[in-house]
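> quick one, fold the following:
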Amino acid sequence: MNKKILNSAIMMLGLFLASSCTKNPEKPVVDPQPQPPVSIPKVSRIEYESNFVEATYHTDGRINTVTSKNPNGQFQQTYTFHYQNGKLNEVEFGGKWKYIYTGELITQVQTYTEAGQFRFQTDLTYNSNKKITEKLETKIVGGAPYPQMRTLFEYNAEGNVSKKILFQWVNQGWHKSEEVSYPGYDNHPNTSEHFESNPYLPAGTFSVNNPIKEIYTDASGPVTGTAQYEYTYDASGRPSVRKTTYTYPGLPDEIEVTKLFY
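Next up is the predicted model:
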């Protein structure tokens, strides 16, 4: 599995529209929902190696805008969040993401181009704890749906993701492509996972704490790589620096440092 290099937010649309069956990492986004039931600190700025992302919020805590800039502070892209009856309705960035609900849960996200063409669809299934158990990604071609990728999620007793199982649609059937397991977590609040998931989903939808390690295995079982995480916490116990060491067989380790501000 490719490492989670968090490129500029302007590249998120390109990733989403390219093809959901690639193994490209998910990109940084910011919580589009009103404050979730469990209070999760709101990040105002994330600094990556290649860019930084800034978020503004409404007075009621809902996300207003997300703007990415390069390391020199030059503007790259702004995402603007719109609400209807208190729920996230659309995110505009040239194209747009449109959110469909079943009750209070987002069960579908539709992706439209700047010209208004419907290009991608993500369907979400939840368990009784309002955690996502399945993400189904579909490409729309000529108005017809073509399955692309399916991800199943398993959780531990603390409500953290213990495993992700990925499938790709090949020859009219789902074929397992990879597993990602999470053998351990810290006991601090996860303030950034919703920044690094695609499509935009509320904070706390997945893990409530921060992973210590990820293990990637291919469909036949061999380990293809690992990611080891080390955190520095601020006085309130929130992650302020995340150091990630990526290890792949036969290659030198790669280190990535991410800084979070509140």
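> all helices for this protein, in order.
Using DSSP state H, the helices of the chain run over 12-18.
> flag the shaky bits of it, pLDDT-wise.
Across the chain, the stretches falling below the confidence threshold (pLDDT under 70) are 1-39.
> go again using 80 as the cut-off
Segments of the chain classed as low confidence (criterion: pLDDT under 80) are 1-40, 194-200.
> in it, where's the longest strand?
For the chain, the strand that runs over the most residues, judged by DSSP state E, is strand 173-189.
> may I see the buried residues of it?
Going by neighbour count (16 or more other CB atoms under 10 Å), the buried part of strand 173-189 is 177, 178, 179, 180, 181, 182, 185, 186, 188, 189. C-betas here are computed from N, CA, C, even on glycine.
> list the strands paired with that strand, with their directions.
If you go by DSSP bridges, strand 173-189 pairs up with strand 161-170 (antiparallel), strand 209-218 (antiparallel).
> could you pull up the contacting residues of residue 223?
Counting by CB atoms under 8 Å, 6 or more residues apart in numbering, residue 223 touches 215, 216, 217, 249.
> what's opposite it in the beta bridge?
Under the criterion DSSP bridges, residue 223 forms beta bridges with residue 217.
> most neighbours among the contacts of residue 223, please name it.
With neighbours defined as other CB atoms under 10 Å, the most crowded of the contacts of residue 223 is residue 216; it has 22 neighbours.
> what about it, distance to residue 97?
Using CB to CB, to the nearest Å, one gets 28 Å for the distance from residue 216 to residue 97.
> and for residue 112?
If you measure residue 112 against residue 97 using CB to CB, the figure is 8 Å.
> higher neighbour count, these two?
Between residue 112 and residue 97, counted using other CB under 10 Å, the more crowded position is residue 97 (26 against 17).
> beta partners of the more buried one?
Judged by DSSP bridges, the bridge partners of residue 97 are residue 91, residue 111.
> and the residue nearest the centre of the chain?
Centre of the chain computed as the mean C-alpha position; nearest residue by CA atoms, centre = their mean is residue 197, 0.4 Å away.
> surely it and residue 206 touch.
Yes. The pair residue 197 / residue 206 is scored as a contact, 6.8 Å apart, by CB atoms under 8 Å.
> picking that back up, select, out of the strands paired with strand 173-189, the one closest to residue 132.
Taking CB to CB as the criterion, strand 161-170 is the member of these that comes nearest to residue 132, at 9.3 Å.
> output the closest one as PDB, restricted to C-alpha atoms.
The C-alpha atoms that make up strand 161-170 are tabulated as PDB, following Å, rounded to 0.1, in the frame of the first residue of the first chain:
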ATOM      1  CA  VAL A 161     -11.000   0.500  13.600                       C
ATOM      2  CA  SER A 162      -9.200  -2.900  14.000                       C
ATOM      3  CA  LYS A 163      -9.200  -3.800  10.300                       C
ATOM      4  CA  LYS A 164     -10.000  -2.500   6.900                       C
ATOM      5  CA  ILE A 165     -10.600  -5.100   4.100                       C
ATOM      6  CA  LEU A 166     -10.400  -3.600   0.500                       C
ATOM      7  CA  PHE A 167     -12.000  -5.100  -2.600                       C
ATOM      8  CA  GLN A 168     -11.800  -4.100  -6.200                       C
ATOM      9  CA  TRP A 169     -14.400  -4.800  -8.900                       C
ATOM     10  CA  VAL A 170     -12.700  -7.000 -11.500                       C
END
